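Enquirer: return atomic coordinates for the entry below.
(chains A and B)
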Amino acid sequence: QKEVEQDPGPLSVPEGAIVSLNCTYSNSAFQYFMWYRQYSRKGPELLMYTYSSGNKEDGRFTAQVDKSSKYISLFIRDSQPSDSATYLCAMSDGNNRLAFGKGNQVVVIP
Amino acid sequence: KAGVTQTPRYLIKTRGQQVTLSCSPISGHRSVSWYQQTPGQGLQFLFEYFSETQRNKGNFPGRFSGRQFSNSRSEMNVSTLELGDSALYLCASSLEGTYNSPLHFGNGTRLTVT
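Expert: Purely as a prediction, here's the structure:
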């Protein structure tokens, strides 16, 4: 079993829809969780950074962490064509382990 | 505050050559990490430097090496290039370290080996 699993997609949604992305993981020591957005020919850009379980909201973006299920999610409300990118999840134990998902490509159709 | 800067943006080299990539971290960030990104493998960790010392290393051959200078700027070197080294090389900086503070990435150096 891979340490972090992320469905690569692509995921196509119409403009204005809610985009739902998720990652599952196997290492119960992970306690820091991140979501990155990567546009073509650019580096990953940090979107959300959360610690432990719970929800965090930032504008149209909401990150959820369920440590009991080893499952994290990112929701994008009112999606825009500019949200078309690859989204990567990442998680760390805060000590000596950091793992990335392989990324999920999202296409928002105008 | 300026972000992570990587130079050059693009490089084309031939097999057997060597290459040096450069990274300037965000001001005040002491940790610099390097990653290789390919479509098939995703992000793979190369190494991390903190205060001029290599603190962590991934599973890459010794042809891949790096260093960090006293101003936190970092360089990565790949010797005896192979076709499989073609990838996007990303540098990331963080305040204290790779594992307990978020990484901020540069836009990468696209290396093509022919």
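
Enquirer: make it CA atoms for all contacts and neighbour counts henceforth
Expert: Will do.

Enquirer: number of nearby residues for A:Val108?
Expert: Other residues within reach of A:Val108, judged by other CA atoms under 10 Å in any protein chain shown, total 19.

Enquirer: okay, strands next: where are they in chain A?
Expert: In chain A, strands defined by DSSP state E lie at A:4-6, A:11-14, A:19-25, A:32-38, A:45-51, A:54-58, A:61-66, A:71-76, A:85-92, A:98-100, A:104-109, listed in chain order.

Enquirer: repeat for chain B
Expert: B:5-7, B:10-13, B:19-24, B:31-38, B:42-50, B:53-57, B:64-68, B:74-78, B:87-94, B:104-105, B:109-113.

Enquirer: any chance of those strands in JSON lines, with mean pLDDT and distance to A:Thr86 too?
Expert: Output for the strands of chain B, formatted as JSON lines (pLDDT from 0 to 100; distance: least, CA to CA, whole Å):
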{"stretch": "strand B:5-7", "mean pLDDT": "98", "distance to A:Thr86": "21"}
{"stretch": "strand B:10-13", "mean pLDDT": "98", "distance to A:Thr86": "21"}
{"stretch": "strand B:19-24", "mean pLDDT": "98", "distance to A:Thr86": "23"}
{"stretch": "strand B:31-38", "mean pLDDT": "95", "distance to A:Thr86": "13"}
{"stretch": "strand B:42-50", "mean pLDDT": "93", "distance to A:Thr86": "11"}
{"stretch": "strand B:53-57", "mean pLDDT": "92", "distance to A:Thr86": "26"}
{"stretch": "strand B:64-68", "mean pLDDT": "97", "distance to A:Thr86": "27"}
{"stretch": "strand B:74-78", "mean pLDDT": "98", "distance to A:Thr86": "26"}
{"stretch": "strand B:87-94", "mean pLDDT": "96", "distance to A:Thr86": "15"}
{"stretch": "strand B:104-105", "mean pLDDT": "96", "distance to A:Thr86": "15"}
{"stretch": "strand B:109-113", "mean pLDDT": "98", "distance to A:Thr86": "17"}
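
Enquirer: indicate which one of these is closest to chain A.
Expert: strand B:42-50 (4.9 Å; CA to the nearest CA).

Enquirer: quick one: that closest one to strand B:74-78, angle?
Expert: Counting by axes from the mean of the first three to the mean of the last three CA atoms, to 10 degrees, strand B:42-50 lies at 130 degrees to strand B:74-78.

Enquirer: just to revisit the earlier point, would you mind finding the most buried of the strands of chain B?
Expert: Highest mean neighbour count of the strands of chain B: strand B:87-94, a mean of 26 (counted as mean count of other CA atoms under 10 Å in any protein chain shown).
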